[in-house]
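S.K.: here is a sequence with its predicted model. Questions after.
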Amino acid sequence: MLDGAVDTPVDVGNAVADARVDDAPAADVFDSGRGDASPADGGNLATPRCETVSFMHDGVNRAYILCTPNPVPAGALPVVLGFHGGGGNAASWQRVLPWHETGAREGFVVVFMQGCQPGAVDCTGATGSYGWNVGKPGETTMVDDQGFTLAVLGRLTTVHALSIDRARVFATGHSLGGIFTYTLRCDRPDVFAAIGPISATPSDATCILAWNTSIYHVHGTGDMNVPFDTGCCSRAQQTMGDPEYLAGCAALPRCFNPTNWWPPARTGMHPFADFIGIEEIARDGLGCATTRTPIAGLPACEQYGGCRAGTHVEECHVRGADHALAGINMLFDVRAYLWGRFRMH
């Protein structure tokens, strides 16, 4: 609902709000030599300019932080959308993974998206606790996060007068935000050239597979909140006599949040329901082989072979890292890796 929308820009520079559990602050560990230091032209002297913007969508006041290189480069620009973890906000994501710094150096637009809460009419608070409607079975929220995402992409041109390369729109997110990027890839596959989910899992029972959206998945090997290999079950699913009890959950870990349940990322097979996993998206959507081989120079990462020309599926397993974004980022340069992949498209 864009007609009559009210924008409230505030130049915030690099200001951020309090971090949440999913988006705890990390040390500056970004000089890894993996391609994030400077653009190929020898150096971009632009600095990031960020502003917080709010507008009405579907009867709810929503917000995002828009960051552009200053000065803005000529020509159509790539875009990276960032989706914070559950309980976080746009500013906490900006603090932990300052994509705006990379965007200024490399010449692309960054949007730190802010989620919402069911029933809320105002989700613009800079220190609020917000989530995403990931659309999994049993989801009760009716928040139109997909429509909000498409509206923000449209506003980059219609409201902010930016020239956007629609063939180079990318998304990354952590935890619930990463799961939401999978939802977007499955439901809106024509929007993104590639996604970079972190500590996440696909959660769709259905998915539009035949599209060219590449996947660069990052996960901690010690993640017990969204366990990559096994998935997890809720307390109720593991409690004999409970209406939600599932015998198959006895062998799986209990989700860190006892009301959650998540399928394993690669296979999507869970006692509660079978989902689309990374392997199925790769095989049936992008024509990849299901065999994976190590990537030279990135010992944590493997690539699926034989994918359709111009498409890629990779998994990076960060040893010693748990679910927290800060811990992963201290051991693995997330921005350098993802932008190094995104820029290939």
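M.R.: Yes, it's here. Note that this is a predicted model, so its numbers are computed, not measured.
S.K.: not counting residues beside it along the chain, what's closest to G248?
M.R.: P271 (3.2 Å; Cβ to Cβ, 6 or more residues apart in numbering). To be clear about C-beta, it is placed using only N, CA and C from the backbone, and glycine gets the same treatment.
S.K.: and that neighbour, what does it touch?
M.R.: Going by Cβ atoms under 8 Å, 6 or more residues apart in numbering, P271 touches C233, Q237, L246, A247, G248, C249, L252.
S.K.: could you rerun that using 6 Å?
M.R.: Contact analysis of P271 by Cβ atoms under 6 Å, 6 or more residues apart in numbering lists L246, G248, C249.
S.K.: who wins for neighbours among those residues?
M.R.: The residue in those with the most neighbours, by other Cβ atoms under 10 Å, is C249 (23 neighbours).
S.K.: that one against C232, yeah?
M.R.: No: counting by Cβ atoms under 6 Å, C249 stays clear of C232, with 8.6 Å between them.
S.K.: quick one: low-confidence parts of the stretch 101-250 of the chain?
M.R.: Within the stretch 101-250 of the chain, the stretches with pLDDT under 70 are 137-140.
S.K.: still on that earlier bit, where strands are concerned, which of the contacts of P271 count?
M.R.: Among the contacts of P271, DSSP state E puts none in strands.
S.K.: would you turn those into TSV with distance to I215?
M.R.: Output for the contacts of P271, formatted as TSV (distance: Cβ to Cβ, whole Å):
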residue	distance to I215
L246	28
G248	27
C249	27
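S.K.: ok, these vs G178, which is closest?
M.R.: Nearest to G178 among the contacts of P271: C249, at 23.0 Å, using Cβ to Cβ.
S.K.: contacts only, for that closest one.
M.R.: Here C249 is in contact with C233, Q237, Q238, P271 (criterion: Cβ under 6 Å, 6+ apart).
S.K.: is it possible to export those to TSV including secondary structure and distance to T157?
M.R.: What follows is those, written out as TSV (DSSP: H, G, I helix; E, B strand; the rest coil; distance: Cβ to Cβ, whole Å):
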residue	secondary structure	distance to T157
C233	strand	44
Q237	helix	45
Q238	helix	49
P271	coil	45
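S.K.: which one of those residues is nearest R341?
M.R.: C233 (32.4 Å).
S.K.: which residue, other than its chain neighbours, is closest to that closest one?
M.R.: Counting by Cβ to Cβ, 6+ apart, the residue nearest C233 is C249, at 3.5 Å.
S.K.: for that neighbour, give its distance to P263.
M.R.: Distance, C249 to P263, by Cβ to Cβ, to the nearest Å: 12 Å.
S.K.: state the helix or strand in which the residue of the chain positioned farthest from its centre lies.
M.R.: Taking Cα atoms, centre = their mean, the residue of the chain most remote from its mean C-alpha position is G241, at 36.7 Å. Secondary structure assigned from DSSP states H and E places G241 in neither a helix nor a strand.
S.K.: and if you look at A321?
M.R.: Counting by DSSP H and E, A321 is found in no helix or strand.
S.K.: report the contact partners of the nearest residue to it once chain neighbours are set aside.
M.R.: Distances taken as Cβ to Cβ, 6+ apart place G220 nearest to A321, at 3.2 Å, with adjacent residues excluded. G220 makes contact with V318, A321, D322, I328, according to Cβ under 6 Å, 6+ apart.
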